[in-house]
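Student: sequence below, structure please.
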Amino acid sequence: MTDSFDAPGVSASLAGTPFAGRLQHLATVDSTNLLALAAAQAGAPHGSVWIADEQTAGRGRGGHGWHSTAGDGLYVSVLLRPQIALADALWLSLATGLAAQSAIATMTGLKLDIRWPNDLLIGEKKVGGILVETSTPASQSDTPAILRYAVIGVGINVNHHSFPPELETLATSLHCESSKHWPREHLLIEFLRALEQQVAQLEAELRGQSTGATLLDRFAASSTWVRGKRVRVDETGGYTGVTTGLDPRGFLLVAGDDGVLHTVISGGVRSY
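Tutor: Numbers count the residues shown, from 1 in each chain. Next up is the predicted model:
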């Protein structure tokens, strides 16, 4: 039986944020990100949110599919129009991971790991994923391209009791890890509040107005995958090595077994 979703209650709880009054709930949709991208192109405002009980064609980074059972997960896309350069777009994915990690810890007490750049893990199993898609205006020759908008898609396995056989060893849910049923509304509220805070911190940092830890430092402190993790990377023909940190743009560095310091561009990082 699919849990009902109290969208008006969520919207009321988000009063004073950019998301209040801008949340649309759907029973079923192909992909919340596709819906949000179309709305963004049509001029939907900053802070618009789409949440679905079920996605029939949910997508992850690199075009990977996403297992989505009706009413068990949090499937949400958020439209933001941040003052961030296209060159810094990766940082939105890192900030979103920190927001999701914070929201889940606040609600459940569970400790998440973040596999650079966009996988949410509990132990070795994936509990969620992030897909950030961006658009920029036509480029000006002498100025950095600023994002016109970013659609931040997040899928989190919340109340799944089980997974298809091919995913049993790879995926988990908040219910599987805690033996508790969690209200999706509370998780969405915590996530959106944390996302607003992370993006505000990022924009302040990029304006040179932040005095706290940088986004990259916060991410490195929150992920066991940034330093000292032995990994296999699928891109550029595939290689193995040990992670050694993030470069100034936020890309993962891997000291390869081939003696080369690799910069991971597109993800596909797995333990080895």
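Student: residue 79 contacts residue 44, doesn't it?
Tutor: Yes. Residue 79 lies in contact with residue 44 (CB atoms under 8 Å); the separation is 5.6 Å. All C-beta spots, glycine's among them, are computed from the backbone N, C-alpha and C.
Student: intersection of neighbour lists for the two?
Tutor: Common contacts of residue 79 and residue 44 (CB atoms under 8 Å, 6 or more residues apart in numbering): residue 36.
Student: looking at those two, which one has more neighbours?
Tutor: residue 79 (24 against 20; other CB atoms under 10 Å).
Student: which helix or which strand is home to the more buried one?
Tutor: When elements are assigned from DSSP states H and E, residue 79 belongs to strand 73-80.
Student: please apply the same query to residue 50.
Tutor: With secondary structure defined by DSSP H and E, residue 50 is part of strand 49-55.
Student: would you give the sheet partners of that strand, along with the direction of each?
Tutor: Using DSSP bridges, strand 49-55 pairs in its sheet with strand 23-29 (parallel), strand 73-80 (antiparallel).
Student: roughly how far is it from the heart of the chain?
Tutor: Distance of strand 49-55 from the chain centroid (CA atoms, centre = their mean, to the nearest Å) equals 15 Å.
Student: where does the prediction get shaky in the stretch 101-250 of the chain?
Tutor: Applying pLDDT under 70 to the stretch 101-250 of the chain flags the ranges 138-142.
Student: apply 50 and report the result again.
Tutor: Within the stretch 101-250 of the chain, no range satisfies pLDDT under 50.
Student: which parts of it are strands?
Tutor: 113-115, 119-122, 125-135, 149-157, 227-233, 239-246 (DSSP state E, counting those that start in this stretch).
Student: so which of those strands is the most surrounded?
Tutor: Of all the strands of the stretch 101-250 of the chain, strand 149-157 has the most neighbours on average by mean count of other CB atoms under 10 Å, namely a mean of 26.
Student: pairing partners for that strand, with directions?
Tutor: Paired neighbours of strand 149-157 in the sheet (DSSP bridges): strand 73-80 (antiparallel), strand 125-135 (antiparallel).
Student: that older thread, among the strands paired with strand 49-55, which is nearest residue 216?
Tutor: In terms of CB to CB, the element of the strands paired with strand 49-55 nearest to residue 216 is strand 73-80, at 19.7 Å.
Student: any idea of the mean pLDDT in the closest one?
Tutor: Across strand 73-80, pLDDT averages out at 96.
Student: with just CA atoms, put it into CSV.
Tutor: Only the C-alpha atoms of strand 73-80 are listed here, as CSV (Å, rounded to 0.1, in the frame of the first residue of the first chain):
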residue,chain,number,x,y,z
GLY,A,73,11.3,6.4,-1.7
LEU,A,74,12.0,10.1,-1.8
TYR,A,75,12.1,11.1,-5.4
VAL,A,76,12.5,14.8,-5.7
SER,A,77,13.9,17.5,-8.1
VAL,A,78,14.6,21.0,-7.0
LEU,A,79,14.9,24.0,-9.4
LEU,A,80,17.5,26.5,-8.3
